[in-house]
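Q: turn this into a structure:
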Amino acid sequence: MVNPAYTSQVDSQTGTLLGRREGDRFIRYAKDVIQADLNAAINVRIRGQDNQITRYMRSSQVEAILVGRTVQYLHSIGYSVSDALSFGWLLPKFKTKALKYESEYYPQG
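A: Residues are numbered from 1 along each chain as shown. Alright, predicted model coming up:
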């Protein structure tokens with residue numbers, strides 16, 4: 001038993017919120033496509049080994065962890081949240097939290 005929050009919205013390859021589900025397809029930020037239910041099932045399996053996301057954690061807490069991982073991943077590959085938003089990699093619903101996280105942990109200047 002795992003916390004199912006966001007398992008259908010996370011890219012199982014990167015563990016980030018980069019990408020989007022469109023019907024039965026999950027389109028990764030690199031434009032690769034995987035069957036959406038398979039992607040979610042892989043995420044459920046991975047979630048079983050995730051020490052940060054517990055079974056009874058609120059979805060808002062899960063979202064905060066995933067946003068943090070997403071911003072960290074973006075910076076590790078040389079991109080910003082603004083880049084991800086402009087490329088369509090990150091859904092606009094995560095914009096505010098991602099920009100806030102980025103400004104706290106990756107200040108410009």
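Q: which residues does the residue nearest the centre of the chain contact?
A: In the chain, the C-alpha nearest the mean C-alpha coordinate belongs to L17, at 1.9 Å (C-alpha atoms, centre = their mean). For L17, the contacting residues are 6, 9-11, 66-67, 70, 90-91, 94, by C-beta atoms under 8 Å, 6 or more residues apart in numbering. Just so you know, the C-beta spots here come from the backbone N, C-alpha and C atoms, and that holds for glycine as well.
Q: equivalent analysis for S80, please.
A: The contact partners of S80, by C-beta under 8 Å, 6+ apart, come to 74, 102, 106.
Q: buried sites along the helix or strand where the second one lies?
A: Here E102 is covered by helix 95-105, with elements defined by DSSP states H and E. For helix 95-105, the neighbour count (16 or more other C-beta atoms under 10 Å) marks 97-99, 101-102 as buried.
Q: would you list the residues you listed in TSV and tack on distance to E22 and pLDDT?
A: Below are those laid out as TSV (distance: C-beta to C-beta, whole Å; pLDDT from 0 to 100):
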residue	distance to E22	pLDDT
K97	22	98
A98	21	98
L99	24	98
Y101	26	97
E102	26	97
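Q: just to revisit the earlier point, quick check: closest non-adjacent residue to the residue nearest to the centre of the chain.
A: T70 (4.6 Å; C-beta to C-beta, 6 or more residues apart in numbering).
Q: so what's G23 closest to, chain neighbours aside?
A: A36 (7.2 Å).
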